[in-house]
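> Take this sequence and fold it.
(2 chains)
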Amino acid sequence: MILSAEKKSLLWQNYFGVPIRNDQLSIALAGNPNVGKSTIFNALTGLHQHTGNWPGKTVNNAHGSYQYQKKPFLIVDLPGTYSLLAHTVEEQIARDFLCFANPDVTVVVLDATSLERNLNLALQVFEITPKVIVCLNLMDEAKKKNLVIDVPSLERELGVPVVATAARQGKGLAELREKILQVATGLLQPTPRQIKYSSDVESALKELLPLVENITNNSLSPRWIALRLLDGDQNFLESLSNYLDIDQVSFQDWEESKCAQ
Amino acid sequence: MCAISSSRNLSEAYGQAEYVRKTYRNSFSDQIVADIYGNAEQITKHVLTNKGRHRIGFDQIIDNLVTSKWFGYPLMILLLVGVFWITIEGANIPSGLLASVLFAFQDQLTLWFQWLGAPDWVHGVLVLGVYRTLAWVVAVMLPPMAIFFPLFTLLEDSGYLPRIAFNLDHIFKKAKACGKQSLTMCMGFGCNAAGVTSCRIIDSPRERLIAILTNNFVPCNGRFPTLIAITSIFIGGAIASYSGIINALVISGIILLGIAVTLTVSWLLSMTILKGEPSSLVLELPSYRRPKIGAVIYRSVIDRTLFVLRRAIIIAAPAGAVIWILANVYIGELSILSTVAHALNPLGKLIGLDGFILMAFILGLPANEIVLPILIMSYLSTGSLQDFSSLEELRNVLVSNGWTWLTAVNVMLFSLLHWPCATTLLTTYKETGSKKWAFLSFLIPTLIGFSACFILTQVVRLFGLA
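Residues are numbered from 1 along each chain as shown, chains lettered A, B, ... in the order given. Alright, predicted model coming up:
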């Protein structure tokens, strides 16, 4: 489902408390805690940022704006999380935003000094949206720890652009801005690697997929929904039906026009 | 209409998922997480070369030991006993020294007052009331705090505390509470009011309430000195040769009991008025660091020791004056203090304490730090013994007031399990925003404290052990 600009801004304002202008390209910034996400956020937005809380939650919400190549960007700093499996309020917020807000590009910030643990989050984001950039931050610290990461082959493995940065030194940020522009405008179309599950899970997925396929008119990956159903993740299903309800009320005319087709 | 059909699809799919989940035996959620990790591991293997492995390996070895199934708990208990042993052994000598210096100074003060020709009641309120209480607070509390807090801060700084939370997580799960509760309990060791505030880190309102209501079962540093003083004067002192170790074991036992009560009450609460399932805890274990000595000293001495001492002194000084007045204003034959204590005596005796002890706990409501000083003050103001200089004589004071080992154990039990101090109650009220929960946080420990002491006393008396 591709939302029209007005509908999107309505949803963003009401559901996530983030006002977005119609002409702004939207960026979501995801990552584990303590990976320098805020440093990157600050470096990109400078002083053009607003902080508050997520609607109805005691979790900080920061969003900011910047211009690049004469294009206006709105960037939303998601809470730092280790996964999107919604064990905590932070994870729930990050997951709901990625699933339902449909940002033009998602930047996943990884800590280069503990790549393996950080990749878990990136892989989960890949399941939700293909418009992803991986920002490999803290490269300076990784170097100090004698860790060598082969960035081109990581890029090949993941199927998304990988930008190596050391945000505190301001290194790699120019490339990050450029890549964000390219992915957000559709110039670059990543094909993120999908997680291969063990045979049990895959065959169970196959059973469920046909039932899930038409739930959200393809706004959300059916595979992701099926996985959460297998999880028995009540929380996500609540969010989903909640979102479908909002969908129903505020976009009724749109839905009807679609049904009429 | 389209949307309505889609939500029907959702519930349909959910039903099918239930069915699929039942047909496969292993848990899908675990398998899915395991697969995600497997994928991440595979990718990492292809792109990462590590030129210096041993450093990480070292952390890993310690972690495997500290958080292992078999050594995790014994190691924790061993550390606990060790910390208390060092605290108690180390505090003995400076405590005695401080006491003798401070009480010698009291005699000097008395001389000055006499020289100035001050009236008796001024001398009574200021010297025998305020000064003597303060001297007690400082002599009894300062040395253990000055040793315990740096040790505790050292553990905190080295990165061991998060491992404790990690170890305890699954027990808390069993009690249907949140693993983060163990961190709020660690805060509670410092101060229960701070512990209650720190419950904000728990996301689920249900688990936060459980953590708030049970925080009082970890002894705060207002009660630590009381516990330490009573063990060292009474329990360890009775068995002379290994007193240090015995004391440490007793204190550790008390703490473990507090943890056991916390878990039991948490479980009971989640079975009754706060029903629900536990949520998960995500905890990043920081790498071990060499503690910064400067920071440890600053945090333990300035932030903790002096802070607590200041609070104790601020509350103890007026309390000392009030107690002296109560002990020296007579209604008929008896002073007000004795009248109240006699009124409380039957209840006190029933739970193995006495009227004075119960009254000290009640007067100690503003701050637990002053319970023991109040108690000693009230014994001294009515007894014949007016002057003493060592902890050994303190023991004599207590014995001459009818203390047995059972009394000492009951005082420690009651100190661990009784109502929280006024600050904690106020904080609970602010944090929960409800008088009901604040009252419950008073009621639960009070009931438990009374029943624990009552049962112990009756059982011991039944078997004629004391």
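
> Around chain A, pick out the residues from the stretch 101-250 of chain B.
Within the stretch 101-250 of chain B, the positions lying close to chain A (C-beta under 8 Å from any C-beta of the partner chain) are residue B:203. All C-beta spots, glycine's among them, are computed from the backbone N, C-alpha and C.

> Give me the below-cutoff pLDDT ranges for the stretch 101-250 of chain B.
Scanning the stretch 101-250 of chain B for pLDDT under 70 picks out the ranges B:236-242.

> now the strands for it?
Using DSSP state E, counting those that start in this stretch, no strands are assigned anywhere in the stretch 101-250 of chain B.

> can you tell me the residue of it closest to chain A?
residue B:203 (4.8 Å; C-beta to the nearest C-beta).

> Near the nearest residue to that residue once chain neighbours are set aside, how many residues? Count them for me, please.
Closest residue to residue B:203 apart from its sequence neighbours, by C-beta to C-beta, 6 or more residues apart in numbering or on different chains: residue A:89 at 4.8 Å. Other residues near residue A:89 number 17, with proximity taken as other C-beta atoms under 10 Å in any protein chain shown.

> What of residue A:177?
Neighbour tally, residue A:177, other C-beta under 10 Å: 17.

> In the sheet, which residues pair with the residue lying closest to it once chain neighbours are set aside? Tell me.
Counting by C-beta to C-beta, 6+ apart, residue A:177 lies nearest to residue A:68, which is 5.0 Å off, once chain neighbours are set aside. Counting by DSSP bridges, residue A:68 forms beta bridges with residue A:71.

> thought residue B:67 was touching residue B:163?
Yes - Residue B:67 lies in contact with residue B:163 (C-beta atoms under 8 Å); the separation is 5.5 Å.

> Compare these two and say which is more crowded by neighbours.
residue B:163 (23 against 16).

> distance of that one from residue A:192?
35 Å (C-beta to C-beta, to the nearest Å).

> repeat for residue A:53
31 Å.

> what's around the closest residue to residue B:167 other than its chain neighbours, how many residues?
Distances taken as C-beta to C-beta, 6+ apart put residue B:72 closest to residue B:167, at 4.7 Å, once the chain neighbours are dropped. Using other C-beta under 10 Å, residue B:72 is surrounded by 18 other residues.

> Can you name the next helix or strand after the helix or strand where residue A:153 lies?
Residue A:153 is part of helix A:151-158 when elements are defined by DSSP states H and E. As assigned by DSSP H and E, the chain's next helix or strand after helix A:151-158 is strand A:162-164.

> Pairing partners for that following strand, with directions?
strand A:132-137 (parallel).

> Stretch A:227-234: which residues count as buried?
Under the neighbour-count criterion of 16 or more other C-beta atoms under 10 Å in any protein chain shown, stretch A:227-234 has A:227-231, A:233 buried.

> Residue B:132 touches residue B:107, doesn't it?
No - with contact taken as C-beta under 8 Å, residue B:132 and residue B:107 are classed as non-touching, separated by 11.1 Å.

> Dump the buried residues of stretch A:227-234 to a markdown table, plus distance to residue A:83.
Formatted as a markdown table, the buried residues of stretch A:227-234 follow (distance: C-beta to C-beta, whole Å):
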| residue | distance to residue A:83 |
| --- | --- |
| A:227 | 13 |
| A:228 | 13 |
| A:229 | 17 |
| A:230 | 16 |
| A:231 | 12 |
| A:233 | 12 |
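
> about what we covered before: tally of neighbours for the residue of the stretch 101-250 of chain B closest to chain A?
Neighbours of residue B:203 (other C-beta under 10 Å): 18.

> For it, what are phi and psi?
Dihedral pair for residue B:203: phi -80, psi -40, per degrees, to the nearest 10.

> Give the full set of residues in contact with residue A:16.
A:54-55, A:61, A:76, A:96-97, A:101 (C-beta atoms under 8 Å, 6 or more residues apart in numbering or on different chains).

> got it, and residue B:376?
B:136, B:394, B:397.

> and it, what are its phi and psi?
According to degrees, to the nearest 10, residue B:376 has phi -60, psi -40.

> What is the helix holding residue A:153 packed up against?
strand A:132-137, strand A:162-164, helix B:28-47 (3 or more C-beta pairs under 8 Å, 6 or more residues apart in numbering or on different chains; DSSP states H and E).

> can you rerun that using 6 Å?
strand A:162-164, helix B:28-47 (3 or more C-beta pairs under 6 Å, 6 or more residues apart in numbering or on different chains; DSSP states H and E).

> Around chain B, pick out the residues from chain A.
A:82, A:87-89, A:115-116, A:119-120, A:123, A:146-150, A:153-154, A:157, A:195, A:197-198, A:200-201, A:204, A:207-208, A:211-212, A:215, A:229-231, A:241, A:244, A:247-248, A:255, A:259 (C-beta under 6 Å from any C-beta of the partner chain).

> Could you report the neighbour count for residue 71?
Defaulting to chain A. Neighbours around residue A:71, by other C-beta under 10 Å: 14.

> my question was about chain B
So residue B:71, with other C-beta under 10 Å, has 13 neighbours.

> Phi, psi for it please.
Backbone torsions of residue B:71, given as degrees, to the nearest 10, read phi -100, psi -20.

> what's the helix or strand for residue A:11?
Assigned by DSSP H and E, residue A:11 belongs to helix A:5-11.

> quick one: average pLDDT of that helix?
Averaging the model's pLDDT scores along helix A:5-11 yields 78.

> What is it packed up against?
Partner elements for helix A:5-11 (3+ C-beta pairs under 6 Å, 6+ apart): none found.

> can you do 10 Å?
helix A:234-250 (3 or more C-beta pairs under 10 Å, 6 or more residues apart in numbering or on different chains; DSSP states H and E).

> isn't residue B:214 right next to residue B:262, touching?
Yes - using C-beta atoms under 10 Å, residue B:214 is in contact with residue B:262, at 4.6 Å.

> The residue in the stretch 351-466 of chain B positioned nearest to chain A: what's it in contact with?
Distances between the stretch 351-466 of chain B and chain A by C-beta to the nearest C-beta are smallest at residue B:431, namely 12.7 Å. Shown in contact with residue B:431 (C-beta atoms under 10 Å, 6 or more residues apart in numbering or on different chains): B:193, B:196-200, B:208-209, B:212, B:437-438, B:441.

> could you redo the last one with a cut-off of 7 Å?
B:196-197, B:199, B:212 (C-beta atoms under 7 Å, 6 or more residues apart in numbering or on different chains).

> same question, residue B:420
Contacts of residue B:420 (C-beta under 7 Å, 6+ apart): B:192, B:216, B:441-442, B:445.

> between those residues, which is closest to residue A:164?
When the contacts of residue B:420 are compared for distance to residue A:164 (C-beta to C-beta), residue B:192 wins out at 47.8 Å.

> tally of neighbours for that closest one?
31.

> doesn't residue B:425 make contact with it?
No - with contact defined as C-beta atoms under 7 Å, residue B:192 does not count as touching residue B:425 (9.5 Å).

> and stretch B:361-381, how far out from the chain's middle?
18 Å (C-alpha atoms, centre = their mean, to the nearest Å).

> Oops, could you answer that again for stretch B:185-203 instead?
11 Å.

> Next: stretch B:158-171.
Taking mean C-alpha positions (C-alpha atoms, centre = their mean), stretch B:158-171 and its chain are 17 Å apart.

> Alright, I will stop here.
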